[in-house]
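S.K.: Quick one, structure for this:
(chains A, B and C)
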Amino acid sequence: MPELPEVETVANGVHQRVHSQVIESVWLGSKPEPFKTRPAEMAEVLTGRRIERVYRVGKHIVFDLSGQGNEDGPQWIVHLGMTGRLLVSADSVPVPAHTHAILKLASGSELRFVDPRRFGRLAIHRRANNAEHSNGFQGSGREPLTISIEEFTELFRGRKTSIKAALLNQKLLHGVGNIYADESLFRAGIRPTRMAGRLNREQLGRLHNALQVILKHAIALGGSSVSDYVDADGVRGFFQLEHRVYLRGGEPCLVCGTPIRRTVLGGRGTHYCPACQK
DNA sequence: AATGAAACCTGACAGC
DNA sequence: TGCTGTCAGGTTTCAT
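M.R.: Numbers count the residues shown, from 1 in each chain, chains lettered A, B, ... in the order given. Down below sits the predicted model:
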């Protein structure tokens, strides 16, 4: 479900609810494991740590955990995949189906990872021992909210793939997914099929601006709830009401009335206005 | 190195 | 009612 604005919303909500709390015990379930770190090791590392801070890196949610002695603490990394949720609930609230992890907190509440489709992933990240600079979990690509227009332009130089596929490539920009790729290309007036390396400076400037404006607007509205996305409190976002093309194939363009077209690009449903996007 | 298609899963919904 | 086909916020893997 989640792209940058949804992950940001969840991370902020979870931070407010669980920071400074101690993990008393850990339950990890399910057979085909959503765990990149072995369950026994993950439970061992998590138990007894204090959660210092929760934040977003790309589409990952990062938990900074307390260290022991003079060692820097490890990090717990959560990726929600398509349908993952992180919920903070009183232990009296029934555990939903497809719950794969439960962290019992000293306050009595529980942090639960729920994921029907099981595309989500959990992992422990250990900091390098004697690196001098930042050695915490790094994303795979550049951060779309803060990247400069020069660096943004440089990312696409020489790329022969479509601009849509390039926007979804997490090694270039991390955090952009299918909704915000389609919506930002519409706002920039660029057809998703255009070869990334052939876009000129002015077009990339429009795309850079559109992407940042849309991501910030979506964060302000709590993200997009297309089917079942909810934040840490179980509350839906509102940005789906602002979608101009995403999932609107066949419906009239809100600007010019031309039917929105749906195709497949980079293996993903892709929506655009054939009149507004050149 | 880069690109694209397939695979990984379950659930919701439309159409018959 | 129930079956079938399609689609869904993502990433990894494998073959070009």
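
S.K.: use CA for all of it now, contacts and neighbours both
M.R.: Noted.

S.K.: Who are the contact partners of residue A:62?
M.R.: Residue A:62 is in contact with A:11, A:54-56, A:75-78, A:137, counting by Cα atoms under 8 Å, 6 or more residues apart in numbering.

S.K.: quick check, stretch A:213-226 touching DNA strand B?
M.R.: No: Stretch A:213-226 is not in contact with DNA strand B by Cα under 7 Å from any atom of the strand; minimum separation 10.4 Å.

S.K.: So for that stretch, what gets flagged as buried?
M.R.: Neighbour-count burial for stretch A:213-226, counted by 16 or more other Cα atoms under 10 Å, picks out A:214-216, A:218-219, A:221-226.

S.K.: Now flag whichever of those residues is closest to residue A:202.
M.R.: residue A:214 (18.3 Å; Cα to Cα).

S.K.: Three-state assignment for the closest one, please.
M.R.: helix (DSSP: H, G, I helix; E, B strand; the rest coil).

S.K.: distance of it from DNA strand C?
M.R.: 14 Å (Cα to the nearest atom of the strand, to the nearest Å).

S.K.: which residue packs closest to that residue, ignoring adjacent ones?
M.R.: residue A:184 (6.7 Å; Cα to Cα, 6 or more residues apart in numbering).

S.K.: residues near the one you found, how many?
M.R.: Look at residue A:184: counted by other Cα atoms under 10 Å, it has 27 neighbours.

S.K.: between the contacts of residue A:62, which is closest to residue A:33?
M.R.: Out of the contacts of residue A:62, the member with the shortest distance to residue A:33 (by Cα to Cα) is residue A:78, at 13.4 Å.

S.K.: so who does that closest one touch?
M.R.: Counted by Cα under 8 Å, 6+ apart, residue A:78 has contacts A:60-62, A:120-123.

S.K.: Swap in 6 Å and give it another go.
M.R.: A:60-61, A:121-122 (Cα atoms under 6 Å, 6 or more residues apart in numbering).

S.K.: Mind checking which of the contacts of residue A:62 land in helices?
M.R.: Counting by DSSP state H, the contacts of residue A:62 place residue A:11 in helices.

S.K.: Could you check which residue of the stretch 1-150 of chain A lies nearest DNA strand B?
M.R.: residue A:117 (4.0 Å; Cα to the nearest atom of the strand).

S.K.: Can you classify that residue by secondary structure?
M.R.: coil.

S.K.: how close does it get to residue A:141?
M.R.: For residue A:117, the distance to residue A:141 equals 25 Å [Cα to Cα, to the nearest Å].

S.K.: now swap in residue A:119 and tell me
M.R.: 20 Å.

S.K.: quick revisit: can you count the residues close to the residue of the stretch 1-150 of chain A closest to DNA strand B?
M.R.: 11.

S.K.: and which of the contacts of residue A:62 is nearest DNA strand C?
M.R.: Closest to DNA strand C, out of all of the contacts of residue A:62 and judged by Cα to the nearest atom of the strand, is residue A:78, at 11.0 Å.

S.K.: Looking at strand pairing, list the partners for that closest one.
M.R.: Beta-bridge pairing for residue A:78 (DSSP bridges): residue A:61, residue A:122.

S.K.: Show me what from chain A comes close to DNA strand B.
M.R.: So chain A meets DNA strand B at A:32, A:116-119, A:158-162, A:165, A:265-267 (Cα under 7 Å from any atom of the strand).

S.K.: Among these, the buried ones, what's the PyMOL command?
M.R.: Command for PyMOL that selects the buried part of the residues of chain A next to DNA strand B, burial taken from 16+ other Cα under 10 Å:
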select buried, chain A and resi 118+161+162+165+265
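
S.K.: For the residue nearest to residue A:214, give me phi and psi.
M.R.: Dihedral pair for residue A:184: phi -70, psi -30, per degrees, to the nearest 10.

S.K.: And the pLDDT at it?
M.R.: At residue A:184 the predicted local confidence, pLDDT, stands at 98.

S.K.: Now do the contacts for the residue nearest to residue A:36 when sequence neighbours are not counted.
M.R.: Spatial nearest neighbour of residue A:36, chain neighbours left out: residue A:123 (5.0 Å); criterion: Cα to Cα, 6+ apart. Counting by Cα under 6 Å, 6+ apart, residue A:123 touches A:35-37, A:76-77.
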